[in-house]
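**Q** give me a 3D structure for the following:
(chains A, B and C)
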Amino acid sequence: MLLVILELVGIAVFAASGALAAVRARLDVFGVTVLALATALGGGVIRDVLLGVHPPTSLTKWPYLLVPALTGLLVFSFHPQVARLRRAVQLLDAIGLGLFVTGGTSTALALGAPPYTACLIGMTTGIGGGAMRDVLLREIPLVLRREIYAVAALLGCLVVAGGSVLGLPEGPVALAGSALVVAVRLLALWRRWNAPVAHGLDA
Amino acid sequence: MLLVILELVGIAVFAASGALAAVRARLDVFGVTVLALATALGGGVIRDVLLGVHPPTSLTKWPYLLVPALTGLLVFSFHPQVARLRRAVQLLDAIGLGLFVTGGTSTALALGAPPYTACLIGMTTGIGGGAMRDVLLREIPLVLRREIYAVAALLGCLVVAGGSVLGLPEGPVALAGSALVVAVRLLALWRRWNAPVAHGLDA
Amino acid sequence: MLLVILELVGIAVFAASGALAAVRARLDVFGVTVLALATALGGGVIRDVLLGVHPPTSLTKWPYLLVPALTGLLVFSFHPQVARLRRAVQLLDAIGLGLFVTGGTSTALALGAPPYTACLIGMTTGIGGGAMRDVLLREIPLVLRREIYAVAALLGCLVVAGGSVLGLPEGPVALAGSALVVAVRLLALWRRWNAPVAHGLDA
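**A** Prediction:
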């Protein structure tokens, strides 16, 4: 039960990030809603397609649609206030990434994928929705450009996959993995960590 | 038989819309053909991937390739005339959307998906090809920007899913759903209906 | 064994092309690595999703990750030298296309797809990774714009599918198909073959 609530929180957070980006791109209310859905559900749909879960889980249960749709409409109506909560949105986005990465890794392990594969699918789950959002809005995906995003996701899925190899209990390991993702992302945002760009591009 | 012909009409129409967009983006004859194929077959391939139909139907029967390829070549040769038929293209595109949405919903229901899931898959079938066309040409997808596109699709799949729940006969329900999609789209184009954009963006 | 080595060569070549493009787009070291992975593995993942291979092969064996990741890091460090090897990169890219197209066609045939379907899936395998690279970097995919790319892929898969229909031995046919792809691509580059663009666009 707690896990389902956490997953829906992650979905709401990603929906809000998609809706905010859509409002800034001046999409209308339906475009904002569609983009909120794509951002929130994209990662999970890709996960299920890769794992052969047909039809994808998030297309079979109505809360998975209702939560991001309502979130999209709320952001559409109150976007100036939401945008002012920039720090809160970044925090929630980090939490969403953590929950999606560890949740995707756990789902893949539960369906019999080996740890290595589960880790790759977990990363894809966490990163996929945001990448879809950016491609639809004609942006180079944030995950390719910013602040240790992929590395945070990698650390989270390594914790979950490692815990599974060592036979540790699932719940606490997933929480620890999510917390690590959140911590790394927030540190990267706070200290403005960025990875190096290739040198000599102007030479 | 009628259904297959209607589906191929929908494929030809979407192929024409992809080919016209590619001609305008100054792609060469092969690029135009590839884009016609992607626009015409993209929605159906996504539908089959989500439903676990392997390999996707449209990759297994040659009319599904021949019709959009020939359409692409015709548009490439006669594009000024086709572009002048702007109203006809919009009408055909609305028909294509109607056929794909109701066809996708029916296919999902026939494969055992519950009505709610079938509706989401039907919408994806109708919208997917056009979204692929726009992403490949580096445009923000039309479905996110214009004239009640997603809502028309939603109404169409609700009719089909509702008819299935009520046990109504499939054929007439699919026709009614398609007609509703076409009517809403044409009304939106004719009356220049557009959904509101978020207020306060310049504040 | 030879086939696996050839496939990994193809993966390394496509990874290098993705990493070079990412360096030019000024992505950081992680973005370059992610784009190298997406370009190298994208075609194979799409192939496996279309064929219903869950989870995709390239997510289950570590060389499929290690080779493109290391290639990405090497290109990041030595990109001026790699860029100077423009001709070598074009040659390797042609070889990669040949190997992926024939490999994808053979895999689809081995999994029971009919020749026609196998050919379409082989083309998708060869073209998919590069298209993903260009979409992520906000470019119109090269395959839509340049030098007989799709036609070279088509010829390669026709050789493999034709050989299978005629019952010829697989290995030599795959080699012949790959060689044909490479030859057509290099001829197109050397003679600056381009397909015609639609006339009358300024009229």
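
**Q** can you confirm A:W193 is in a helix?
**A** No. Using DSSP: H, G, I helix; E, B strand; the rest coil, the assignment for A:W193 is coil, not a helix.

**Q** secondary structure class for whatever residue of chain A ends up closest to chain B?
**A** Nearest to chain B in chain A, going by CB to the nearest CB, is A:H54, at a distance of 3.1 Å. All C-beta atoms are positioned from the backbone trio N, CA, C, and that covers glycine. Recorded secondary structure, A:H54: coil (three-state DSSP).

**Q** get me the contact residues on chain A for chain C.
**A** Within chain A, the positions adjacent to chain C are A:49-52, A:108, A:113-114, A:116-117, A:120-121, A:131, A:135, A:138-141, A:143-145, A:148-151, A:194-198, A:200-201, A:203 by CB under 8 Å from any CB of the partner chain.

**Q** redo that, cut-off 7 Å
**A** By CB under 7 Å from any CB of the partner chain, the residues of chain A that approach chain C are A:49-52, A:113-114, A:116-117, A:120-121, A:135, A:138, A:140-141, A:143-145, A:150-151, A:194-198, A:200-201, A:203.

**Q** give me the nearest residue to the closest residue to chain C within chain A, chain neighbours excluded.
**A** Across chain A, no residue is closer to chain C than A:G52, which sits at 3.1 Å (CB to the nearest CB). Of all residues not flanking A:G52 in the chain, C:H54 sits nearest, at 3.1 Å (CB to CB, 6 or more residues apart in numbering or on different chains).

**Q** and for A:T107?
**A** Counting by CB to CB, 6+ apart, the residue nearest A:T107 is A:R47, at 6.5 Å.

**Q** give me the element the one you found is part of.
**A** Using DSSP states H and E, A:R47 maps to helix A:29-51.

**Q** any weak-confidence spans in chain A?
**A** Counting by pLDDT under 70, chain A contains low-confidence ranges at A:1-3, A:83, A:85-86, A:146-147, A:194-195, A:199-203.

**Q** that one: helices as residue ranges?
**A** Remark: helices assigned in chain A by DSSP state H are A:2-24, A:29-51, A:63-84, A:86-110, A:115-136, A:142-145, A:149-165, A:170-190.

**Q** near the residue lying closest to A:A108 once chain neighbours are set aside, how many other residues are there?
**A** Distance criterion CB to CB, 6+ apart; nearest residue to A:A108, sequence neighbours excluded, is A:A118 at 3.7 Å. Using other CB atoms under 10 Å in any protein chain shown, A:A118 has 26 neighbouring residues.

**Q** okay, now the residue nearest to A:L155 when sequence neighbours are not counted: neighbour count?
**A** Spatial nearest neighbour of A:L155, chain neighbours left out: A:L180 (5.4 Å); criterion: CB to CB, 6+ apart. By other CB under 10 Å, 19 other residues sit near A:L180.

**Q** one more: the one 5 residues further on?
**A** Counted with other CB under 10 Å, the burial measure for A:R185 works out to 25 neighbours.

**Q** quick check: the gap between the residue lying closest to it once chain neighbours are set aside and A:W190.
**A** Excluding its sequence neighbours, the residue lying closest to A:R185 (CB to CB, 6+ apart) is A:A94, at 3.9 Å. According to CB to CB, to the nearest Å, A:A94 and A:W190 sit 11 Å apart.

**Q** what's the answer for A:R47, then?
**A** 30 Å.
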